[in-house]
Structures are given as C-alpha cells and as structure tokens.
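Engineer: Below are the sequence and a predicted model; questions follow.
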Amino acid sequence: MSGRDEANTSKVSNNVRKSSSANVSQTSFIGNASLNASTLNANKTPKGSRNGTQKSRTPRLGKSPAPQVADRFIMRRNSSVTNLSSSTASLNLKGNLEDTAFQDGDSSPRTVENRKNLSQALIGDKKDSRILEFRAKPPPAPEGNVHHLHHPLLLYSSSSSLVWEANPTFLEQLNVFPGFANPFSSLYTHSVAKSGAVNARKIPRAIPTAPSRILDAPDLLNDFYLTRIDWGSNNYLAVALGPSLYLWNGETAEIEELFNLSSPEVPEAECYVSGVSWLQGGNFLAIGNNKAEVQIWDVEAKKRVRVMRGHSARVSCLDWNNHILASGCRSGEIHYHDVRVAEYYFCSLKAHAQEVCGLKWSPDKRYLASGGNDNALNIWPVPASSDAKKDNAQLDQPVASFNMHQAAVKAVAWCPWQPSVVASGGGTADRTIKLWNVQMGSMITSKDTGSQVSGIVWSEDYRELVTGHGYAKNELILWKYPSFDRVAELTGHTERILDLCASSDNSIVVSTSADETIRLWNLFPIDLEKKKKDEREKSKGSGVLARQCLR
C-alpha cells in the first residue's frame, strides 16, 4: 500500500471516531433533555394532527422509544432520619403538594398554615431536638398519663431500643385538626383489637404481695419431714396440730376438730399426726401418726373407718391412687394398701435408705415418685392388682432413680399437663429445683433458689409453679415455666416454710410455717368463662350417662 493510501485510511478512521463521539454525546444530551422537552410541550398540539388527535407510531429498529413522563413522585426514604432538618423537610412547609403522605383525602391539611400548626404540634419550638432517641430502657410514664382509647401509645419493653419522645401535651396538640388522620399513628401506636391482645392469660395479673387470709396454728410441729396439711375436693382443709386434726371449711371458714390422738394412757407429748392425705372425689381422709399406724376417717360421719398397721416407724407421707393408698415411713419403706378388701396390705417397696418424706402419684396414675432423706428421687410403676400378691411381694428396683440432689428431697410434684415431667426440690445443703423426664430417665433443668425447698405447686392454667422455702429466706417464689423466670417473691412468714398445698380449684396456695401460722395466697384467679364452659360440658356428659343408665 502506498503512502497516499495510508494517509487516506487514517483520515477516514479519524472522521469515523469524531462522528461516533458526536453521535454519542448528542444521544446523551437528547436523553437528558427529553424529559424537559416533553414536559414543556405537553400542552402543545402534536404536528400532523390538526384535530388534536395523534397517531401512534411504531419505533424503528435500532432506536429506543422516548422515555415516558412519570405521573407520581416517589420520595426518598433515608434510614436514619433523626434531626430536625430531615423531619421538617418531610413536612414540606412551602405549601407544595409533592409529599403524598398528606394526600389521603379531603381531611388532610393542604395549606401552609395547617402545616405549620402540625409542625408545631409534632416538634414544638425545639429546633435541634430529636424525635427518635435510642436508649437502653424506656423512660417511666408521667403520673396521671391517660392514653386515648382509640390511639393507645405502644409502651416499648426494655428489649426494644426505640423510644418515642414528645412534649407532655402531645396528645392534646394532635387534636388541633378534628378531621385529620395522623400519618404517624401507624408507626407509634398499637391497636389492641387488631393484635388480639385482649386475653386474660396474656395480660399480666395483679399478683398479691400479702396473703388473703392468715390462720393461727398453735402447736404446729417444726419438723421438715412431716406432711401437716392437705386440701380435699370437698373444700375442706385438713390441718394437723400435734395430736389433733382440724378441718377448716373453705366456704364458711368454720373450724372443727375431727379427732385427738391423746388419751389418759398416752399423753399429748408422746403422740402426734405426722401425715394427711384426702381421697380425691370423696370424704375419706387418710392420716399417719408416730405410732406407725395409718387410719382412714369418714369426715362426713366423723368416724374412723379402719386402722392399718405394718410400718415399723412413723408414717410421714401418704397419697391416693383411686382405691390404692401409698404410705411412706421413717424406715425408708413404702407400703401399698388396698382399702377395698379386708387384707389391705399387698405390696412393699424398699424405697430409700432413710426416711421417706415426699410421695406423689403422677396425673395419669402410672408412676409414683418418692423423695427421701437419702437425697434420692425414685420413680416406681403402678403395682398390679391386689390379687397378684406374689408378683407384688417386693419391688426393690425403681423405674428410674435420680441422685443429683445434695440434701433431702421432700418437695415432689408432677406437671399436670406433662405426665412424664416431675419436679423435685432439695433441702438446705442443695437449695435447687430440678425437673426430670421420667420416660427418658434424664434431668431437664436445674435452678438454684438460694434457700431450702419445702414444697412445689403447679398451675396448669397459668403455666407456672410456686415453691416454698425455708432457711434462709422463708418465702414463696412464683416461677414461669419452662423458662424459670422469677415472677414474684412473696414474703410474710418469719420462720421457715414447712408445707405447701393448693385448694380444690387450684386458685389458692396454702403455706404453713414454723412461726405457727397458715397463710392463704390467691395466686391463680379462676377464669370464669372457662369454668362455666367446663361445667356445661360436665353437665352434658352426666346427662348422657344418665340416659345410658336408664336404658
């Protein structure tokens, strides 16, 4: 190729580069200016259409259609809007209706004066103040603060760091526009009706800090291993005071003495009631004494039905499984009695090396949990019928045995809605509450209470449990299950708590103490709607049963 041809080739390539760069710059400019041009010429009649109509044109290949004009303005939402300038910018005090947050109907403020009043109501005169502030805990509500029913403010918990601050007259200033729908109400208010928060179990109840009733209990034995009280389904509270047993009527609050073990031959100092237990659904009361006897009393007739012997030491705890009565004594043995037959004794368990001080059947009546002074918690299966005495002669091997407590295990209670879960509490050297899974044979959790555990009561309605404690705090503690968060601490007893039991409807917890007082705590109020529903279902079931019996 000649020099002249090379010069022509370079000259052509330079022209191509210039033309392409000019075209690119021209396209970019037209693209930026097309929005303004289309906006300015929006009211002009298009060329080629005298009658005002314009034909649609199909864009040619290689050319993109002209950008369309948006019919609305989407404002930018910054993630951190905390100062006054950003807040007032969103209010747009110039009077232009560019912010769609206020275009929600005829009742929205559309004048400069209304916008200034709204800014004054929301922010006040503080130009450098912050609407949102981040803190660790929310500030306390001012005294006499009453929220409006239709716009209750949301009270943030301590876990939330977002706190709404406003001047004291904020709620009053929001009413300067009667027809104005506050656009910030969805951000800082909470609708109770929509969230379904109206629930009796979810709303925190008023837990009493003092007992509803205090009963004097003179001659109450200060012995950790005994069982002195039990509340039956007939609404009678049985209380053992030395050699005597008293009945307190839960409806009329009347007190009567059922019996006294002392006699001219046996002085009061040498005999006492060591354990009591009601037969559920009946008027029969089982009591144990220090003479190694188990007695059955008919409370309605005020008559002793029978006396069952066989233990070698005092009987400190008892519990019923329908017609089978289990009793634990100081020797560490547990006896099963069938009260239907004349030969009542049919089974013996070599349960513990020392005294048996806790005894409870599971809700489904499949297992018996026993706690002893040997720091052990044993789980026993339900025995066979009394006819098979050879099979039930002695059962030395429990289903499960737990030996993780460091002191005597007196507090034993089964979970009402989880029949395989049992709770146990240790004495002074242990001070823990432990939950066990009987089927898995393992411990679920352990909680250090700081003092001796003498009793445990569950609440199925509230999913809580209350524990009674001796040395050194002498208090009742209400726990949330299964988190074991402390709900309340109830004080009042001056000496260690010895026993805990619940009323027939499980609404009242009874505690006895070495200060010779019995205190009634109304910890679990009854849900009246649920109670009525249960009564209706029960009445329907009884009617069906009656019809079946008549046929």
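Structural biologist: Ah, there it is.

Engineer: other SSEs contacting the host helix or strand of Lys360?
Structural biologist: Lys360 belongs to strand 356-361 when assigned by DSSP states H and E. Applying 3 or more Cβ pairs under 8 Å, 6 or more residues apart in numbering; DSSP states H and E, we find strand 356-361 packed against strand 315-321, strand 324-329, strand 333-338, strand 367-372, strand 409-414. Glycine gets a C-beta too; all of them are placed from N, C-alpha and C.

Engineer: Just send these back as TSV, with mean neighbour count and mean pLDDT too.
Structural biologist: Below are the helices and strands packed on strand 356-361 laid out as TSV (neighbours: other Cβ atoms under 10 Å; pLDDT from 0 to 100):
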stretch	mean neighbour count	mean pLDDT
strand 315-321	24	96
strand 324-329	25	96
strand 333-338	22	94
strand 367-372	26	96
strand 409-414	25	98
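
Engineer: out of those strands, nearest to Ile229?
Structural biologist: strand 315-321 (12.2 Å; Cβ to Cβ).

Engineer: and the closest residue to Gln406 other than its chain neighbours, what pLDDT?
Structural biologist: With sequence-adjacent residues excluded and distances taken as Cβ to Cβ, 6 or more residues apart in numbering, Gln406 is closest to Asp430, at 4.2 Å. Looking at Asp430, its pLDDT is 96.

Engineer: Now do the same contact list for Asp430.
Structural biologist: With contacts defined as Cβ atoms under 8 Å, 6 or more residues apart in numbering, Asp430 is in contact with Asn375, His405, Gln406, Ala407, Val453.

Engineer: Quick check: of these, which has the highest neighbour count?
Structural biologist: Val453 (31 neighbours; other Cβ atoms under 10 Å).

Engineer: OK, contacts around the nearest residue in space to Leu221 that is not next to it in sequence?
Structural biologist: Leaving aside its chain neighbours, Leu221 sits nearest to Tyr272 (6.1 Å; criterion: Cβ to Cβ, 6+ apart). By Cβ under 8 Å, 6+ apart, the residues touching Tyr272 are Leu221, Ala240, Gly242, Pro243, Leu261, Asn289, Asn290.

Engineer: export the helix or strand harbouring Arg519 as PDB, just CAs?
Structural biologist: Secondary structure assignment for Arg519, by DSSP H and E: strand 517-521. In PDB, the C-alpha atoms belonging to strand 517-521 read as follows (Å, rounded to 0.1, in the frame of the first residue of the first chain):
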ATOM      1  CA  THR A 517     -49.300 -19.500 111.100                       C
ATOM      2  CA  ILE A 518     -51.100 -20.700 108.000                       C
ATOM      3  CA  ARG A 519     -51.300 -18.300 105.100                       C
ATOM      4  CA  LEU A 520     -53.600 -18.400 102.100                       C
ATOM      5  CA  TRP A 521     -52.300 -16.800  98.900                       C
END
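
Engineer: What is that strand packed up against?
Structural biologist: Right, strand 517-521 is packed against strand 213-216, strand 509-513 by 3+ Cβ pairs under 8 Å, 6+ apart.

Engineer: Which among those strands is found nearest to Val305?
Structural biologist: Short answer: strand 509-513, nearest of these by Cβ to Cβ, at 25.7 Å.

Engineer: which outside residues touch the closest one?
Structural biologist: For strand 509-513, the external contacting residues (Cβ under 8 Å, 6+ apart) are 217, 220, 228-229, 231, 237, 239, 455, 457, 466, 468, 474, 476, 493-503, 518-521, 523-524.

Engineer: ok and that strand relative to strand 517-521, angle-wise?
Structural biologist: Strand 509-513 and strand 517-521 are oriented at 160 degrees to each other (axes from the mean of the first three to the mean of the last three Cα atoms, to 10 degrees).

Engineer: Given strand 509-513, what are its sheet partners and their directions?
Structural biologist: Neighbouring strands of strand 509-513 in its sheet, by DSSP bridges, are strand 497-502 (antiparallel), strand 517-521 (antiparallel).

Engineer: Quick check: mean pLDDT of it?
Structural biologist: On average, the pLDDT along strand 509-513 is 97.

Engineer: Stretch 259-269 too?
Structural biologist: So the average pLDDT for stretch 259-269 ends up being 86.

Engineer: gap between the two ends of that stretch?
Structural biologist: End-to-end distance for stretch 259-269, by Cα to Cα, to the nearest Å: 16 Å.

Engineer: One more: stretch 446-458?
Structural biologist: With Cα to Cα as the measure, the ends of stretch 446-458 fall 16 Å from one another.

Engineer: Kindly report the same for stretch 346-359.
Structural biologist: Start-to-end span of stretch 346-359 (Cα to Cα) is 18 Å.

Engineer: Only the buried residues of that stretch, if you could.
Structural biologist: Neighbour counts using 16 or more other Cβ atoms under 10 Å place Phe346, Cys347, Ser348, Leu349, Ala351, His352, Glu355, Val356, Cys357, Gly358, Leu359 of stretch 346-359 among the buried residues.

Engineer: Spatially nearest residue to Lys365, not counting backbone neighbours?
Structural biologist: Using Cβ to Cβ, 6+ apart and skipping residues adjacent in sequence, the residue nearest Lys365 is Asn321, 5.1 Å away.

Engineer: With Ala411 instead?
Structural biologist: Leaving out its chain neighbours, the residue that sits closest to Ala411 by Cβ to Cβ, 6+ apart is Gly425, at 3.3 Å.

Engineer: residues touching the one you found, list them.
Structural biologist: 409-412, 432-434, 449, 453-456, 467.

Engineer: now swap in Gly242 and tell me
Structural biologist: By Cβ under 8 Å, 6+ apart, Gly242 lies in contact with Asp219, Leu220, Leu221, Glu268, Tyr272, Val273.

Engineer: now with 10 Å?
Structural biologist: Pro218, Asp219, Leu220, Leu221, Asn260, Leu261, Ser262, Glu268, Ala269, Cys271, Tyr272, Val273 (Cβ atoms under 10 Å, 6 or more residues apart in numbering).

Engineer: helices and strands around the helix or strand hosting Gln295, which ones?
Structural biologist: Using DSSP H and E, Gln295 sits in strand 293-298. Here strand 293-298 touches strand 255-260, strand 273-278, strand 284-289, strand 303-309, strand 315-321, strand 324-329, strand 333-338, going by 3 or more Cβ pairs under 10 Å, 6 or more residues apart in numbering; DSSP states H and E.
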